[in-house]
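From the sequence below, what's the structure:
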Amino acid sequence: MTLDEKKWFLESAEEAGTVFGLKVTAKLHGECSPYQSIEVYDTLKFGRLLVIDGYIMLAQRDNFLYHEMLVHPALFTHAGPRRVIIIGGGDCGSLTEALKHEGVEQVTQIEIDERVTRVSERYFPELTAGIADPRARLRFTDGIAWMRAAPAASADVIIVDSTDPIGPAKGLFESAFYAQCHRVLAPGGMLAHQSESPFLHLELIRAMRLAMREAGFHAVATLDFPQPVYPSGWWSATLARKGANLDGFRETAAERRAFETRYYSPATHRAALALPPFVLEALEGS
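Model prediction:
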């Protein structure tokens, strides 16, 4: 990441040989927590920008794409989700989306860095609104260790809202972690994990799917959606289900949902699962 003399925030993607930039109008916050650097900028067209260790985490203008597509396909695929666990997701956008489902009785968020949440409360209150819900539980600790200690069959949906697979997050993309997710999920339970760009990171997506199968998930699917502030502008989430297939979802319930969404709908849910041929070819056998 660089902030050049003309106040453009520039993030390079070395694996793609590209740079993405946003015009910055002000730096609103900067600190180093025990785990990472956390910055907030105001931008000309994308609202406030959350940056961790120099990488864009979210922008106000387009984060709804990511949060809606990471959360709602999993919850509407499950037959009746009541207990949700979120690993990561310190900005609380996924937490707030999950709590929109009336049948959900409890959402437990496991985030290693409390400062991400506290900074988000100040600068992104629309994302942290779910914290006030009595069904929300925040736990600031290591997600991998927490999952190892969690009781078997104690969750219906696990959402992994992680950073890229580097540093502390690397273990969240491995079969040992997925095996713990499989153990903690009740029969028919759903796992949803952000899985990077289907244009730039197909090898990673394939490795994730194979690791999920190795951990005991026999039904795996990847869905895609636009995400302008992430490398390539095209992102994905990978779903896995315990002891059940991934054919279909509760379309009527999704159509009649009692909350508004800006991107998610039954039609976008179906369309997101229709991956283009070059992606399907790369993921064949995984």
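
Secondary structure of Thr96: a helix, I assume?
Yes. Counting by DSSP: H, G, I helix; E, B strand; the rest coil, Thr96 is part of a helix.

residue contacts, it?
Neighbouring residues of Thr96 by CB atoms under 8 Å, 6 or more residues apart in numbering: 67, 127-130. Where you see a C-beta, it was placed from the backbone N, CA and C, and this is true even at glycine.

Likewise for Asp133?
By CB under 8 Å, 6+ apart, the residues touching Asp133 are 99, 107.

Apply 6 Å and report the result again.
Leu99 (CB atoms under 6 Å, 6 or more residues apart in numbering).

before we move on, what about Met212?
Neighbour list for Met212: 178, 220, 240 [criterion: CB under 6 Å, 6+ apart].

Now do the helices in this structure.
Secondary structure of the chain by DSSP state H: the helices cover 63-77, 93-98, 114-123, 143-149, 175-184, 202-214, 251-255, 266-272, 277-283.

In JSON lines: these, plus distance to Asp161.
Formatted as JSON lines, those follow (distance: least, CB to CB, whole Å):
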{"stretch": "helix 63-77", "distance to Asp161": "6"}
{"stretch": "helix 93-98", "distance to Asp161": "5"}
{"stretch": "helix 114-123", "distance to Asp161": "11"}
{"stretch": "helix 143-149", "distance to Asp161": "10"}
{"stretch": "helix 175-184", "distance to Asp161": "13"}
{"stretch": "helix 202-214", "distance to Asp161": "15"}
{"stretch": "helix 251-255", "distance to Asp161": "21"}
{"stretch": "helix 266-272", "distance to Asp161": "17"}
{"stretch": "helix 277-283", "distance to Asp161": "22"}
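
now, of those helices, which is deepest in the fold?
Each of the helices of the chain was scored by mean neighbour count; the highest is helix 93-98, a mean of 28, by mean count of other CB atoms under 10 Å.

just curious, which of the contacts of Met212 is nearest to Thr108?
The closest of the contacts of Met212 to Thr108 turns out to be Tyr178 (CB to CB; 18.4 Å).

Thought Glu214 was touching the closest one, still the case?
No. Using CB atoms under 6 Å, Tyr178 is not in contact with Glu214; the gap is 7.5 Å.

What separation is there between Thr50 and Arg118?
Small correction: residue 50 is Leu, not Thr. 12 Å (CB to CB, to the nearest Å).

Please apply the same query to Val220.
The value you get for Val220 to Arg118, if CB to CB is used, is 35 Å.

One more: Trp8?
Computed as CB to CB, the Trp8 to Arg118 distance reads 28 Å.

Next one: the most centrally placed residue in the chain from Glu11, what distance?
Central residue check for the chain by CA atoms, centre = their mean: the C-alpha nearest the mean position is that of Asp161, 3.2 Å away. Noted for Asp161: a distance of 19 Å to Glu11, by CB to CB.

Ok, Ser94 next?
Spatial separation of Ser94 from Glu11 under the definition CB to CB is 22 Å.

and if you look at Val220?
Taken as CB to CB, the span from Val220 to Glu11 is 30 Å.

what's the answer for Ile166, then?
Distance, Ile166 to Glu11, by CB to CB: 14 Å.

Between those two, which has more neighbouring residues?
Glu11 (18 against 10; other CB atoms under 10 Å).

Can you name the residues bridging to the more buried one?
Phe20 (DSSP bridges).

isn't it right next to Leu22, touching?
No. Counting by CB under 6 Å, Glu11 does not reach Leu22; the two are 8.5 Å apart.

which residues are common contacts for these two?
By CB under 6 Å, 6+ apart, no residue touches both Glu11 and Leu22.

ok, the residue nearest to Thr222 when sequence neighbours are not counted to Met69 distance?
Spatial nearest neighbour of Thr222, chain neighbours left out: Thr238 (4.6 Å); criterion: CB to CB, 6 or more residues apart in numbering. Note on Thr238: its distance to Met69, by CB to CB, is 12 Å.
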